[in-house]
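Asks: take a look and give me a structure for this.
(chains A and B)
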Amino acid sequence: MDTLSSLADGFVVALTWQNILLALVGCLLGTIMGALPGLGPSNGVAILIPLAFSLGLDATPALILLTSVYYGAMYGGRISSILLNIPGDEPALMTTLDGYPMAQQGRAGEALALSGIASFVGAFFATWGLVFLAPQLVKIALLFGPAEYFALFTLAFATLGGISSTNQAKSAFAAALGLGLATIGIDGQTGVPRFTFGEVHLYDGIDFLVAIVGLFALSEVFIFLEHRNKDTVDDSKVKVGRIIPPWSLIKYCTPTMLRTSVLGFIAGVLPGAGASLGSFISYSMEKRLVDKEGTFGKGDPRGVAAPEAGNNAAAGGALVPMLALGVPGSGTTAVLLAVLLSLNITPGPLLFSQNPDVVWGLIAALFIANFMLLAMNIPMVGMFTRLLLIPSRILMPIVAMISFVGIYGISGSTFDLMVMIAFGLLGWVLRKLDVPLVPVILGTLLGNAMEANLRRAVTISNGDWFTLIDSPLAITLWTVAIVGFILPIVFGKVLKSRMKMKKADESSTVD
Amino acid sequence: MSDRIFGGIGLSLALIFIWQATLVQESFMSDEVGPKAFPIIIGIIMALSSIYFLVKPDPEPHWPRIGRFAEIAFAALSMVAYALALPEVGFLIATAVASAYLTWRLGTAPLQSIVAGVLTSGGIYIVFRLILGLSLARGPFGF
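Replies: This is a model prediction of the structure:
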């Protein structure tokens, strides 16, 4: 088996002291970030990218650190869902439905342990899915020419907005805004400056890291300032009780975990879905399937296991298109794409053939991280619950300051800090207007590649624009893009309103 | 109404963007598409979606009262001041002041905020400068 021997090589890369330590740090930070309401996987990873970058980490260690944070945040989100009825991040929203009732019945420890196991099952399954599916997708990607890539990028934008917004015009606007920002600076093909207005700082274009940290991390600080904290966490609420779940309970929930892992993984691989949808679909399907006595929503353990297995599986699944095609399917994987791009690694087929050590080292590290997370999240969960006592009025300034440290560390430029603040304010306004931020980020990330592919395709065919819809593959991609854009207009409102029902005001983090 | 204003701003932004795109200097050796076409397409998408906001606005978002607006504006200003002060007074002092301000404005008692600010600044300095060796801004005092 080719794949398995590559994976074995990956373990050789991942099993160095430095990488294991980084995975451990990443898991720890990720769980903390996931657990704290207001910090989720996307802004957690966003804050850490510039830091990983200015620490001078190599590609593999940097990726191991940040994907461990990503996996860790998916685990951590459940802690405040169960104990406080506030989702730690958006994917953990569905966990509140049965997790909090369980905690109220004095079974918080059981719920935490069970959801930890469910997270492990979901993530473990999804990582195997990644191992086998990504190389297959790479084979398909090898058939892609510039025209197909252009269509694929369009597909990513058309579908990414789909789930995260009720208003497709707003996601289209967000994508155009991001792509427009990407065109600022020297044109890569002809070398002429565009939209620079003679400002030297703009010749290099706008650094997407600055945009990401501003939009995701700083805007969160402004949101908190707007609401001023209403949260005082009661000390008694973070008591967890017995942590070891009875074996019968685990056995009882096993079929649920397995089913929802598959479902979540598929939801993660599909463009535009991400972990939030993964947990939502998992919960609803499981409720339809096994909830015969109507116990879901009243503290049914299966209702805790289902969304947790689902969102962790989706998190792993979302890595498939990001690594194999270079097109992320969710907000956090878009941020992870930024990591790759800032390390000068282009994801896609070439990544697998030219940097197999990076890909397989990363995947092996995910397996290791997953076991670490299981250990951290069951016996040591009490430590993380203590963190919920940190009030956000102390926490948010720290987040802001670390954002500044990271961006300043990369460039040492005051101008970049100003741009970051501007993006923070922009992010706040866009959030108020319900404009999704992920397409903006994806636009700034993919804008240059998208334009380059468009121009390459048209140039190859001597200026014939119809080359964009010339191959069956391209036509398929365009069709999916159009359907993916239109479908949410019909069905999106129903889905979104159901997902929003339980949504607390504070958790504005995307997955 | 908010969406209409947003649409209006978006539309003018799109038009300015397209206008500026047509002004981009062409190089003597250009590809078939040139540097103008892609920005113009983007501008058109932006204009179309802005027109949609004008015609069919969403329900009004929940805007904060004027005091909260001022709060956010002052926070942004304090961050700008922080960015400008970093190279002047160094990381430790600037960060302590800025985070004390933010902590205070988020509802901590003044004295506690100063303590929190100093601890935040010192903590970040220890972790990122002393342990991880990141280069932070150095002021005239070397920290």
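Asks: distance between the helix or strand where residue A:113 lies and the chain's centre?
Replies: Using DSSP states H and E, residue A:113 falls within helix A:108-141. Taking CA atoms, centre = their mean, to the nearest Å, one finds the center of helix A:108-141 at 14 Å from the center of the full chain.
Asks: show me what the helix or strand following that helix is packed up against.
Replies: Downstream of helix A:108-141, the next assigned helix or strand under DSSP H and E is helix A:146-164. Packing partners of helix A:146-164 (3 or more CB pairs under 8 Å, 6 or more residues apart in numbering or on different chains; DSSP states H and E): helix A:168-182, helix A:274-290, helix A:438-460, helix A:472-500. Quick note: C-beta positions are derived from backbone N, CA and C, even for glycine.
Asks: and those helices as a markdown table, adding mean pLDDT and mean neighbour count?
Replies: Listed next are these as a markdown table, based on pLDDT from 0 to 100; neighbours: other CB atoms under 10 Å in any protein chain shown:
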| stretch | mean pLDDT | mean neighbour count |
| --- | --- | --- |
| helix A:168-182 | 90 | 26 |
| helix A:274-290 | 80 | 25 |
| helix A:438-460 | 88 | 24 |
| helix A:472-500 | 77 | 15 |
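Asks: mind putting the ones you listed into CSV with distance to chain B?
Replies: Listed next are the helices and strands packed on helix A:146-164 as CSV, based on distance: least, CB to the nearest CB, whole Å:
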stretch, distance to chain B
helix A:168-182, 4
helix A:274-290, 21
helix A:438-460, 4
helix A:472-500, 12
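Asks: out of those helices, nearest to residue A:160?
Replies: Nearest of the helices and strands packed on helix A:146-164 to residue A:160, taken as CB to CB: helix A:438-460 at 5.7 Å.
Asks: angle of the closest one against helix A:146-164?
Replies: If you take axes from the mean of the first three to the mean of the last three CA atoms, to 10 degrees, helix A:438-460 sits at 160 degrees to helix A:146-164.
Asks: now do helix A:438-460 against helix A:274-290, angle only.
Replies: Going by the same axes, to 10 degrees, helix A:438-460 makes 110 degrees with helix A:274-290.
Asks: CA-only coordinates of helix A:438-460, as PDB, when you get a sec.
Replies: Provided in PDB are the C-alpha atoms of helix A:438-460 (Å, rounded to 0.1, in the frame of the first residue of the first chain):
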ATOM      1  CA  VAL A 438     -15.000  34.000   5.500                       C
ATOM      2  CA  PRO A 439     -15.500  34.900   1.800                       C
ATOM      3  CA  VAL A 440     -13.500  38.100   2.500                       C
ATOM      4  CA  ILE A 441     -10.600  36.100   3.900                       C
ATOM      5  CA  LEU A 442     -10.800  33.600   1.100                       C
ATOM      6  CA  GLY A 443     -10.900  36.300  -1.500                       C
ATOM      7  CA  THR A 444      -7.700  37.900  -0.200                       C
ATOM      8  CA  LEU A 445      -6.100  34.500   0.000                       C
ATOM      9  CA  LEU A 446      -7.100  33.100  -3.400                       C
ATOM     10  CA  GLY A 447      -7.500  36.300  -5.400                       C
ATOM     11  CA  ASN A 448      -4.100  36.200  -7.000                       C
ATOM     12  CA  ALA A 449      -4.200  32.600  -7.900                       C
ATOM     13  CA  MET A 450      -7.700  32.900  -9.300                       C
ATOM     14  CA  GLU A 451      -6.700  35.800 -11.500                       C
ATOM     15  CA  ALA A 452      -3.500  34.100 -12.600                       C
ATOM     16  CA  ASN A 453      -5.500  31.000 -13.700                       C
ATOM     17  CA  LEU A 454      -8.100  33.100 -15.500                       C
ATOM     18  CA  ARG A 455      -5.400  34.900 -17.400                       C
ATOM     19  CA  ARG A 456      -3.400  31.800 -18.100                       C
ATOM     20  CA  ALA A 457      -6.500  30.000 -19.500                       C
ATOM     21  CA  VAL A 458      -7.500  32.900 -21.800                       C
ATOM     22  CA  THR A 459      -3.900  33.500 -22.900                       C
ATOM     23  CA  ILE A 460      -3.400  29.800 -23.800                       C
END
